[in-house]
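> Build me a structure from this.
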Amino acid sequence: MALEITPPRLEPVELPPLTRADTYDLDEGPRFDALDVSGLDFDTRDLTDSSFTECDLSRTHLGEATLTGVTLTDCRADAVAAASLNAPSSRWRRCEITRSRIGAAELHSGEWSESVVTGSKFGYLNLRGTRLTDVVFEDCVVDDLDLMDAELVRGAFRGCTVQTLTVRRARMTHVDLRGLDFAGLDDVEGMRGAAISAQQLIDVAPLLAAHQGILVDET
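Reported below is the predicted structural model:
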């Protein structure tokens, strides 16, 4: 019986009229609602456990900002460029990230839902132990994608390229990996519950054989 994949359930982010903020407004947290903070400098700011709701975070300068435990709901972030994004244990709900360039994104132990990442590039995307529900990555390039111990439900990768894919102890349900071109894979067990293409099956065949204890004789 063919595996049927339920696609992610998504709705576009619709922002209300926003109030333009300046750097001084970032000192008035921890809650930020309906603000346009685009282009602001977050460098060295400690925004631990802050929440952003219906905000535009496009072109923000993250620098050495601390975003541990931050919550973002109904937010947009376009053209964000940073050497690092330090936001472990963060929660992203109905967010859209587009055309962004992040060196190292520390997003482990968090939660993502109903969110889309489009046309973005990451050096290292750390999603270890993160739960992702109804999340799509589209036209993204990632050097190292770490999904160890992550849980993915109704996820999809479309037109994406990954050099090293880590899925050890990941749990996947209705995850579409057919649009993910990966060069290296650490484990096939973590792909259980995902859909892959025929070519991907050929590519992972040696790992699959080893996992099943099958000796492949090439002589």
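
> Least confident secondary structure element in the protein?
helix 198-211 (a mean of 64; mean pLDDT, DSSP states H and E).

> and the residue nearest to G39 when sequence neighbours are not counted, how far is that from A79?
Leaving aside its chain neighbours, G39 sits nearest to R59 (4.7 Å; criterion: Cβ to Cβ, 6 or more residues apart in numbering). For every residue, glycine as well, the C-beta is placed using N, CA and C. Per Cβ to Cβ, to the nearest Å, R59 is found 5 Å from A79.

> shaky segments in this structure?
Along the chain, the model assigns pLDDT under 70 to residues 1-3, 201-217, 219.

> any idea how far the residue found closest to L47 once you drop the neighbours it is linked to in the chain lies from R169?
Here the nearest residue to L47 in space, its sequence neighbours aside, is L67; by Cβ to Cβ, 6+ apart that works out to 5.4 Å. Distance of L67 to R169, given as Cβ to Cβ: 26 Å.

> So for those two, which sits in the more crowded spot?
Comparing L67 with R169 by other Cβ atoms under 10 Å, the one with more neighbours is L67, at 23 against 14.

> you'd agree the more buried one is up against S51?
No. In this structure L67 lies outside contact range of S51 using Cβ atoms under 8 Å: 11.1 Å.

> circling back to that earlier point, give the contact list for the residue nearest to L47.
Contact analysis of L67 by Cβ atoms under 8 Å, 6 or more residues apart in numbering lists 47-48, 50, 85-87, 90.

> Just these: which are in strands?
85-86 (DSSP state E).

> Quick one: neighbours of A198, just the number.
8.

> which SSE is the residue nearest to C95 when sequence neighbours are not counted in?
Once flanking residues are discounted, C95 sits nearest to S115: 4.4 Å by Cβ to Cβ, 6+ apart. Using DSSP states H and E, S115 maps to strand 111-118.
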